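>>> pasting the structure only:
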């Protein structure tokens with residue numbers, strides 16, 4: 001089996017696991033343990049970890065600040081892709097890795113909108129006195145999807161781009177761990193963001209392998 005097939009198979013497996021996991025959150029150990037008696041799946045596990053971690057305003061502020069980094073990465077690649085489209089005058093002439101990133105970013109936006117309307121869990125804290133959707137953790141999902149795909153694009157290029165690629169990995173680590181330690185999501189929401197982010201990033205890596213094979 002080729003590397004491309006392995007990556008795409010992993011992507012499909014991770015996505016199916018995410019779907020099964022998401023459904024299970026609505027049927028397994030569902031209790032009204034959230035703010036305003038909101039229901040939470042895997043309630044026993046979520047309460048246990050929340051009691052250990054608590055809420056931490058420092059890590060919340062840190063992740064809000066670092067969370068700007070993936071958005072800057074998206075803006076840079078989107079601008080670069082648009083510039084290529086304008087100068088080369090055909091979408092087919094845009095670098096394949098940049099074009100694929102466009103599909104990834106569109107998918108990220110679609111997932112965000114979907115889970116804003118289809119609520120699986122609300123946050124364990126109120127935001128300005130209101131319930132706010134928490135699943136999957138958008139910071140976690142965005143960090144893994146955007147920063148891992150950026151790493152795939154930049155890692156084997158110039159020295160400066162290689163340094164930026166490893167900065168992406170560092171930013172990813174701090175965002176995921178920091179979001180967990182902040183206590184503003186249930187731990188199942190963090191895990192859901194990791195699963196979904198890895199599935200999309202694996203799919204992107206598989207598409208890049210396909211492009212290399214050509």
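Alright, I've got the coordinates. Being a predicted model, the structure only gives us computed values, none of them experimental. Residues are numbered from 1 along each chain as shown.

>>> on contacts alone, who are the packing partners of the lowest-mean-pLDDT helix or strand in the chain?
Of all helical and strand segments in the chain, the minimum by mean pLDDT, DSSP states H and E falls on helix 187-213, at a mean of 85. Here helix 187-213 touches helix 3-24, helix 43-53, helix 96-117, helix 138-142, helix 148-154, helix 159-182, going by 3 or more Cβ pairs under 8 Å, 6 or more residues apart in numbering; DSSP states H and E. (Glycine included, C-beta is placed from N, CA and C.)

>>> so of those, which one's packed in deepest?
helix 138-142 (a mean of 24; mean count of other Cβ atoms under 10 Å).

>>> So what touches it?
Here helix 138-142 makes contact (Cβ atoms under 8 Å, 6 or more residues apart in numbering) with 63, 67, 70-71, 108, 111-112, 175-176, 179, 185, 189-190, 192-194, 196-197.

>>> And stretch 54-68, by the same measure?
With Cβ under 8 Å, 6+ apart as the test, stretch 54-68 has contacts from 124-125, 139, 142-143, 171, 174-175, 178-179, 181-184.

>>> How far off centre is that stretch?
16 Å (Cα atoms, centre = their mean, to the nearest Å).

>>> Same check on stretch 136-145?
Distance of stretch 136-145 from its chain centroid, counting by Cα atoms, centre = their mean, is 3 Å.

>>> which regions of this protein sit below the pLDDT cut-off?
Applying pLDDT under 70 to the chain flags residues 1-2, 4, 210-214.

>>> which residues does the residue nearest to residue 123 when sequence neighbours are not counted contact?
Distances taken as Cβ to Cβ, 6 or more residues apart in numbering place residue 134 nearest to residue 123, at 4.1 Å, with adjacent residues excluded. For residue 134, the contacting residues are 120-124, 184-186, 189, by Cβ under 8 Å, 6+ apart.

>>> Could I get these in JSON lines, plus columns for distance to residue 10 and secondary structure?
Converted to JSON lines, the contacts of residue 134 look like this (distance: Cβ to Cβ, whole Å; DSSP: H, G, I helix; E, B strand; the rest coil):
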{"residue": "120", "distance to residue 10": "24", "secondary structure": "coil"}
{"residue": "121", "distance to residue 10": "26", "secondary structure": "coil"}
{"residue": "122", "distance to residue 10": "31", "secondary structure": "strand"}
{"residue": "123", "distance to residue 10": "30", "secondary structure": "coil"}
{"residue": "124", "distance to residue 10": "31", "secondary structure": "coil"}
{"residue": "184", "distance to residue 10": "30", "secondary structure": "coil"}
{"residue": "185", "distance to residue 10": "25", "secondary structure": "coil"}
{"residue": "186", "distance to residue 10": "26", "secondary structure": "coil"}
{"residue": "189", "distance to residue 10": "23", "secondary structure": "helix"}
